[in-house]
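Visitor: Everything below, folded, please.
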Amino acid sequence: MAAPPLSHDPLAELSETAAQPLRLAVQDVLSSPSFQRSPRLRQLLTYIADNTIKGDTESLKEPIIGQRVFSRPANYSAAEDNIVRSNVRQLRAKLDEYYSGPGANAAYRLAIPKGSYSLALVAAEPTHAVPASRKFRRPLSLAALAAGFLLLLAGAFLLGRRTAPSAAAHTQPRCLLDLLDPSPGQRLLVVVPDADLQRYQNLTGRPVQLEDYINRQFLTPEGLRGLPPVIASNSKEFFDLELTQGFVLRLIPHFAQVVPPSELSVRHPRTLSVKDFERDNALLISGPWGDPWVQLFDGTLNFQIVVDPTTHRSHIVNRHPRPGEQSEYYNFTDPSTKTDVCYARLAYLPGLSPGNRVLLAGGPHSASTQAASLFLTRADSLDTILQLFRTGSPKSVPWFELLVEARAIGDAPWTMRIAASRAISAPTR
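Guide: Below is the predicted model of the structure:
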């Protein structure tokens with residue numbers, strides 16, 4: 001079926017090679033705390049970026065922006081109502097603020113040239129001489145710095161809460177994450193996405209298989225084929241750091257409210273081995289391409305997260321649609337509500353050892369993955385599953401997979417519902 005139009009992952013009129021650096025720069029800016037607190041400017045920047053990439057100059061005219069971003073009527077006068085101009089001025093000032101602070105080390109910066117409503121990516125002026133050996137080091141954005149410190153922050157957060165009684169988590173309403181309640185001697189292994197791996201796949205269009213990820217084969221000369229020489233020759237700086245996506249920092253406290261903090265273990269995929277999954281219950285926050293360890297568990301599932309090799313767009317395939325279900329689910333923008341409709345997959349499966357359990361929470365885009373992860377901690381999520389599968393006890397819940405539909409503003413989901421479900425027999429691997 002034809003895919004509805006996407007605002008987060010448009011079919012670019014710019015070449016993919018040209019569009020990707022612009023997308024990455026926008027993601028870095030939107031992940032910064034100052035933009036997290038400015039939803040209107042986030043929406044405006046996202047709209048301008050999407051239409052710049054698409055080459056849609058008509059959508060970047062002032063009256064159209066006023067209608068689509070600021071809900072002005074079709075006959076409004078841009079000459080009398082300066083809402084677009086004033087917000088673009090604020091956006092320029094906000095970008096200057098970002099690049100004077102958290103984004104000061106960025107090699108390229110976003111700009112909205114005066115007299116235009118399109119987005120440009122310009123080289124930053126060097127503030128001092130850079131040694132030749134360091135000339136092409138990738139600058140770390142605020143999102144990357146925050147992500148790089150994820151384990152330290154999570155560790156400090158958990159350590160600070162270990163003085164609380166371990167039973168405190170159980171005073172919270174029951175939720176779906178209770179299905180992974182660790183047994184004595186176990187911990188809940190929370191595996192975060194690999195941001196560098198996602199960057200590699202976005203640039204190359206080549207998904208990485210688990211075996212190649214473990215052995216780092218995707219970083220061999222053959223795996224780097226087709227990349228610009230400056231990136232290929234500095235592959236460790238671009239693709240071999242233990243970074244995750246900034247939104248994960250917002251998820252960890254939700255998990256710690258449900259599971260005693262001393263029983264949480266937050267890990268990057270790079271640091272894992274099969275033995276980790278044989279020992280502990282696990283929550284994997286990503287699809288199979290953001291975390292190849294998902295590939296250990298999801299091969300036989302009905303709802304598959306796939307990447308189109310031509311367009312590099314991700315979506316969910318429903319292998320065996322039932323009446324009323326679609327065969328494919330693409331994220332799209334609902335023009336009537338100015339919200340993004342996104343889809344995610346949740347799956348509850350046996351682990352690698354007898355008695356172990358695994359939850360997969362991921363989707364084609366960050367808003368999808370956030371929605372799936374937040375659904376796990378919703379106060380009504382476990383009761384919803386008990387009703388869905390007509391059982392009264394978490395111990396009798398079957399293995400299952402869910403298709404979750406969420407509505408999001410920017411990358412922040414705010415409503416969620418189960419769009420489709422399957423009870424499954426124990427998967428074979």
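
Visitor: quick one: stretch 72-81 to chain centroid distance?
Guide: Chain-centre distance of stretch 72-81: 36 Å, with Cα atoms, centre = their mean, to the nearest Å.

Visitor: Could you tell me what pLDDT the model assigned to T204?
Guide: T204 carries a pLDDT value of 85.

Visitor: pretty sure it contacts P228?
Guide: No: using Cβ atoms under 8 Å, T204 is not in contact with P228, being 11.1 Å away. Just so you know, the C-beta spots here come from the backbone N, C-alpha and C atoms, and that holds for glycine as well.

Visitor: which of the two has more neighbours?
Guide: Neighbours of T204 and P228, each counted by other Cβ atoms under 10 Å, are more numerous for T204; the result is 19 against 10.

Visitor: per-domain residue ranges of the chain.
Guide: Domains of the chain are assigned by automatic domain parsing as 16-127, 143-194+242-424.

Visitor: Give the rounded mean pLDDT of the shortest one.
Guide: Per-residue confidence for domain 16-127 averages out to 85 on the pLDDT scale.

Visitor: Quickly compare the domains of the chain and say which is most buried.
Guide: Neighbour counts (mean count of other Cβ atoms under 10 Å) averaged over each of the domains of the chain peak at domain 143-194+242-424, with a mean of 19.

Visitor: Find the residue closest to Y213 in space, skipping its chain neighbours.
Guide: In this structure, Y213 finds its nearest non-sequential neighbour in P292, 4.1 Å apart by Cβ to Cβ, 6 or more residues apart in numbering.

Visitor: so what's the one you found up against?
Guide: Residues near P292 by Cβ atoms under 8 Å, 6 or more residues apart in numbering: 197, 208-210, 213-214, 269.

Visitor: which pair in those residues spans the largest distance?
Guide: Q209 and P269 (13.2 Å; Cβ to Cβ).

Visitor: Quick check: which ranges of the stretch 151-300 of the chain have low pLDDT?
Guide: In the predicted model of the stretch 151-300 of the chain, residues 151-173 satisfy pLDDT under 70.

Visitor: mind listing the strands in it by residue range?
Guide: Along the stretch 151-300 of the chain, counting by DSSP state E, counting those that start in this stretch, strands occupy 188-191, 264-267, 281-285.

Visitor: if I look at Y76, how far off is F70?
Guide: Distance check for Y76 against F70: by Cβ to Cβ, to the nearest Å, it reads 9 Å.

Visitor: And for T310?
Guide: As for T310, its distance to F70 is 35 Å (criterion: Cβ to Cβ).

Visitor: just G115 next, same as before
Guide: Distance of G115 to F70, given as Cβ to Cβ: 20 Å.

Visitor: ok, now F400?
Guide: Here the criterion is Cβ to Cβ. By it, F400 lies 42 Å from F70.

Visitor: hmm, back to that, to E58, which of the strands of the stretch 151-300 of the chain lies closest?
Guide: Of all these, strand 281-285 comes closest under Cβ to Cβ, at 38.5 Å.

Visitor: Residues in contact with the longest helix seen in the chain: which ones?
Guide: Using DSSP state H, we find that the single longest helix of the chain is helix 83-100. Contacts to helix 83-100, defined as Cβ under 8 Å, 6+ apart, come from residues 29, 32, 34-35, 38, 40-41, 44-45, 62, 65-66, 69-70, 72, 78, 106, 109-112, 117, 124.

Visitor: part of a helix, is L374?
Guide: Yes: counting by DSSP: H, G, I helix; E, B strand; the rest coil, L374 is found in a helix.

Visitor: Pretty sure it sits against I252.
Guide: No: counting by Cβ under 8 Å, L374 does not reach I252; the two are 12.0 Å apart.

Visitor: Report the outermost residue of the chain with respect to its centre.
Guide: Distance from the centre of the chain peaks at E80, with 39.6 Å (Cα atoms, centre = their mean).

Visitor: wait, is that one part of a strand?
Guide: No: E80 is assigned coil when assessed by three-state DSSP, not a strand.

Visitor: Just list the residues touching R322, thanks.
Guide: A420.

Visitor: measure it to E328 for me?
Guide: From R322 across to E328, the span is 14 Å (Cβ to Cβ).

Visitor: gap between stretch 69-87 and the chain center?
Guide: 32 Å.

Visitor: Ok, stretch 43-55 next?
Guide: On Cα atoms, centre = their mean, the centre of stretch 43-55 falls 19 Å from that of its chain.

Visitor: Over to stretch 250-257?
Guide: Centroid separation for stretch 250-257 versus its chain: 16 Å, with Cα atoms, centre = their mean.

Visitor: just stretch 354-374 next, same as before
Guide: Centroid separation for stretch 354-374 versus its chain: 11 Å, with Cα atoms, centre = their mean.

Visitor: gap between the two ends of that stretch?
Guide: Stretch 354-374 has an end-to-end distance of 27 Å (Cα to Cα, to the nearest Å).

Visitor: Ok, stretch 22-40 next?
Guide: Separation of the first and last residues of stretch 22-40 by Cα to Cα is 20 Å.

Visitor: and if you look at stretch 219-231?
Guide: Using Cα to Cα, one end of stretch 219-231 lies 11 Å from the other.

Visitor: Show me what counts as buried in that stretch.
Guide: The neighbour-count check on stretch 219-231 (16 or more other Cβ atoms under 10 Å) flags 219, 223-224, 227, 231 as buried.
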